[in-house]
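J.: Give me a model of this one.
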Amino acid sequence: MSEYLSDHVRLGDDLTSVVILDQTLLPNRAEYLTLREPEEMFEAIRFLRVRGAPAIGICAGYCLAALAEQRKDLPPAQFGGELHRLSAYLNSSRPTAVNLSWALNRLGNRAHSMSGAAPSAIAAALREEALAIHREDIAMCRAISEFGLTLIKDGDGVLTHCNAGPLATSQYGTALGPLLLGTERGMKFQVFADETRPLLQGARLTSYELNKAGVDVTLICDNMASMVMKNGWINACFVGCDRVAANGDAANKIGTSGVAILARHYGIPFYVLGPTSTIDLKCPTGDDIKIELRDPEEIKSKFYAQPMAPAGVKCYNPAFDVTDHTLISGIVTEKGVCRPPYAQSLAALFH
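T.: Now for the predicted structure:
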């Protein structure tokens with residue numbers, strides 16, 4: 001696997017910037033961006049130059065740490081106000097993925113615990129906290145991969161939707177993690193990757209990652225999922241998640257709930273894989289998850305040489321949908337596989 005897949009979000013060597021692989025250019029170009037200004041950081045998250053719930057959290061932590069380092073010579077009161085303002089600004093870039101606010105709150109709590117300390121000391125502490133988030137995500141992805149691998153066997157067919165591999169996390173990924181780990185151990189899988197319209201994360205990113213890793217991957221259009229299930233080619237569905245409600249409802253890339261409904265019809269287990277940081281026990285159900293609405297042009301003109309719809313036609317472009325907990329066979333975390341009833345099994349993770 002290419003080296004940058006595990007190093008696509010990192011703190012700059014100068015400690016005042018963040019370096020990311022621009023995922024909007026994949027699979028044709030692998031280019032890195034250096035983010036130094038708050039507006040550049042906001043834009044990178046908002047416009048999916050960095051994406052995937054865990055990777056967004058890692059990036060947000062590094063961004064706030066870099067901005068703190070830039071401002072460490074400010075008077076303490078002004079420094080604290082700037083941290084609060086910048087954190088709120090970065091948090092407003094995308095509303096659905098809970099890892100964004102989780103990481104920023106974690107750094108904010110660390111700063112608050114050091115009230116009265118010199119800004120330079122707080123900046124150094126925030127840098128260590130951001131690095132800890134990254135290291136912990138690597139360990140979590142490995143653990144999720146191990147638990148997920150217990151749910152499939154050599155030769156299985158697996159359907160994926162969107163991208164929850166190394167690019168969306170740190171290493172291995174969540175939904176793709178078991179497939180990559182199993183491949184390293186000599187196992188063979190037949191993976192069918194939904195293209196994931198309108199931003200084509202499955203086509204541009206998932207098929208790219210799996211192909212690079214030597215996994216047998218077949219790209220399909222989103223509306224072909226039913227056919228491959230009916231053909232008997234799918235033994236399990238593995239998807240990531242951006243937020244899991246307390247009752248087990250899971251928000252993920254638009255189209256995920258449709259895959260879950262199809263899987264239920266064909267008797268195929270449907271698994272959601274993600275770290276405990278994506279579980280939001282303060283969010284009672286999926287109805288309480290705010291769904292991001294994106295630019296209609298992503299449907300009509302993005303990736304096309306010419307628009308593929310009339311200029312004046314209305315578009316509805318939600319970035320995510322919510323899969324009802326009753327359709328989910330298991331939620332795989334770094335602490336193990338949660339089973340229904342999720343209100344109890346998810347809560348138990350935090351005790």
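J.: so what's Thr278 up against?
T.: Ala53, Pro54, Ala97, Val98, Asn99, Cys241, Asp242, Arg243, Val244 (C-beta atoms under 8 Å, 6 or more residues apart in numbering). Using the backbone N, CA and C atoms, a C-beta is placed for each residue, glycine as well.
J.: taking these one by one, which sit in helices?
T.: In helices, defined here by DSSP state H, the members of these are Ala53, Pro54, Val98, Asn99.
J.: pLDDT at the nearest residue to Leu281 once chain neighbours are set aside, what is it?
T.: Excluding its sequence neighbours, the residue lying closest to Leu281 (C-beta to C-beta, 6 or more residues apart in numbering) is Ala246, at 4.8 Å. Looking at Ala246, its pLDDT is 98.
J.: about what we covered before: among the ones in helices among the contacts of Thr278, list the two that are farthest apart in space.
T.: Pro54 and Val98 (10.6 Å; C-beta to C-beta).
J.: Neighbour count: those two, which is higher?
T.: Between Pro54 and Val98, Pro54 has the larger neighbour count (other C-beta atoms under 10 Å), namely 32 against 25.
J.: Not including adjacent chain positions, what is the nearest residue to the more buried one?
T.: Thr169 (4.1 Å).
J.: measure stretch 287-305 end to end?
T.: 37 Å (C-alpha to C-alpha, to the nearest Å).
J.: Would you mind checking the average pLDDT for that stretch?
T.: Stretch 287-305 comes out at a mean pLDDT of 95.
J.: For it, buried residues please.
T.: Counting neighbours by 16 or more other C-beta atoms under 10 Å, one finds that the buried residues in stretch 287-305 are Ile289, Glu292, Arg294, Pro296, Glu298, Ile299, Lys300, Ser301.
J.: Grab the longest helix from this structure for me.
T.: helix 119-149.
J.: helices and strands around it, which ones?
T.: strand 9-11, helix 53-70, helix 76-91, helix 98-113, helix 177-184, strand 270-273, strand 330-333 (3 or more C-beta pairs under 8 Å, 6 or more residues apart in numbering; DSSP states H and E).
J.: Any chance of the ones you listed in a markdown table with mean pLDDT as columns?
T.: Formatted as a markdown table, the helices and strands packed on helix 119-149 follow (pLDDT from 0 to 100):
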| stretch | mean pLDDT |
| --- | --- |
| strand 9-11 | 96 |
| helix 53-70 | 96 |
| helix 76-91 | 97 |
| helix 98-113 | 96 |
| helix 177-184 | 97 |
| strand 270-273 | 98 |
| strand 330-333 | 98 |
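J.: deepest of the ones you listed, which one?
T.: helix 53-70 (a mean of 28; mean count of other C-beta atoms under 10 Å).
J.: Tell me how far that helix lies from the chain's centre.
T.: 15 Å (C-alpha atoms, centre = their mean, to the nearest Å).
J.: and the angle for that helix with helix 98-113?
T.: Angle of helix 53-70 versus helix 98-113, following axes from the mean of the first three to the mean of the last three C-alpha atoms, to 10 degrees, is 30 degrees.
J.: Tell me the helices and strands packed up against helix 53-70.
T.: Against helix 53-70 (3+ C-beta pairs under 8 Å, 6+ apart) you get strand 9-11, strand 18-21, helix 38-46, helix 76-91, helix 98-113, helix 119-149.
J.: Residues in contact with the helix or strand following the longest helix of the chain: which ones?
T.: Downstream of helix 119-149, the first helix or strand assigned by DSSP states H and E is strand 157-160. If you take C-beta under 8 Å, 6+ apart as the criterion, strand 157-160 is touched by 152, 175-176, 179, 189-194, 202, 206, 225, 228-229, 233-239, 259, 263, 268.
J.: quick check: mean pLDDT across the longest helix of the chain?
T.: Rounded mean pLDDT across helix 119-149 is 97.
J.: How about stretch 338-351?
T.: Mean predicted confidence for stretch 338-351 is 97.
J.: end-to-end on it?
T.: 14 Å.
J.: For the chain, identify the residue most remote from the centre.
T.: Pro75 (36.2 Å; C-alpha atoms, centre = their mean).
J.: what sits against that residue?
T.: Applying C-beta under 8 Å, 6+ apart, no residues qualify as near Pro75.
J.: Quickly note the distance from it to Ile279.
T.: 39 Å (C-beta to C-beta, to the nearest Å).
J.: what angle sits between the longest helix of the chain and helix 177-184?
T.: 70 degrees.
J.: Same question for helix 119-149: list its buried residues.
T.: 119, 122-127, 129-131, 133-134, 136-138, 140-141, 143-145, 147-149.
J.: before we move on, what about stretch 252-261?
T.: Asn252, Lys253, Ile254, Gly255, Thr256, Ser257, Gly258, Val259, Ala260.
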